[in-house]
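A.B. asks: give me coordinates for this.
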Amino acid sequence: MATDWYPSQEGRIADGLTINCVAETAVAEGDCVKFGTSTSGQITVVPATAHGDAFGIGIRAAAAGLPVPVLVYGLYKCINSTVSATPLQGHACMNYANAAVSDVDDLAVVEAVSIAFSGDCIILGMLMQTGTAAADELLVLVGKCI
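C.D. replies: So this is what the prediction gives:
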């Protein structure tokens, strides 16, 4: 089990940059989010549904059509995916969405990845600690930090 550096805090640990978006569909607190169908003057987001398609993490729940703050740079305590190889400190990570998990239950899950990415994968951030088991809580430096 990885050491929980912030045992009394869950989710967002420190902000670097949070942007205001509009939830195109309902977003739960802690959902990794991807771009929705944006219109003039606003950025819309929806919960991420596939491995590597998120650019940030919704830090508050929002119903469709309502504002949702999205952490695009900062520290967030994420959950290690159950399919991940051992996630290592300093490795890049991306969101992982399992088809068996509903969007409502979708937490910010991370998976260590190699340096060779395909063009359609978005790096969510960098792992700040090494995990040892599925469902470990791990600090992630969210943002394009590599």
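
A.B. asks: now the element after the helix or strand bottoming out on mean pLDDT in the chain, going C-ward?
C.D. replies: Lowest on mean pLDDT, DSSP states H and E among the helices and strands of the chain sits strand 109-112, with a mean of 42. Counting by DSSP states H and E, the next helix or strand C-terminal to strand 109-112 is strand 125-127.

A.B. asks: packing partners for that following strand?
C.D. replies: strand 92-95, strand 137-142 (3 or more Cβ pairs under 8 Å, 6 or more residues apart in numbering; DSSP states H and E). Just so you know, the C-beta spots here come from the backbone N, C-alpha and C atoms, and that holds for glycine as well.

A.B. asks: for the most far-flung residue of the chain relative to its centre, give its distance to residue 5.
C.D. replies: Taking Cα atoms, centre = their mean, the residue of the chain most remote from its mean C-alpha position is residue 40, at 25.4 Å. Look at residue 40 and residue 5: by Cβ to Cβ, to the nearest Å, they are 42 Å apart.

A.B. asks: surely residue 128 touches residue 142?
C.D. replies: No. Judged on Cβ atoms under 8 Å, residue 128 makes no contact with residue 142 at a distance of 10.2 Å.

A.B. asks: quick check: neighbours shared by these two?
C.D. replies: In terms of Cβ atoms under 8 Å, 6 or more residues apart in numbering, residue 128 and residue 142 are both contacted by the residues residue 75.

A.B. asks: winner for burial among the helices and strands packed on strand 125-127?
C.D. replies: Neighbour counts (mean count of other Cβ atoms under 10 Å) averaged over each of those peak at strand 92-95, with a mean of 26.

A.B. asks: circling back: closest to residue 13 out of the helices and strands packed on strand 125-127?
C.D. replies: strand 137-142 (6.6 Å; Cβ to Cβ).
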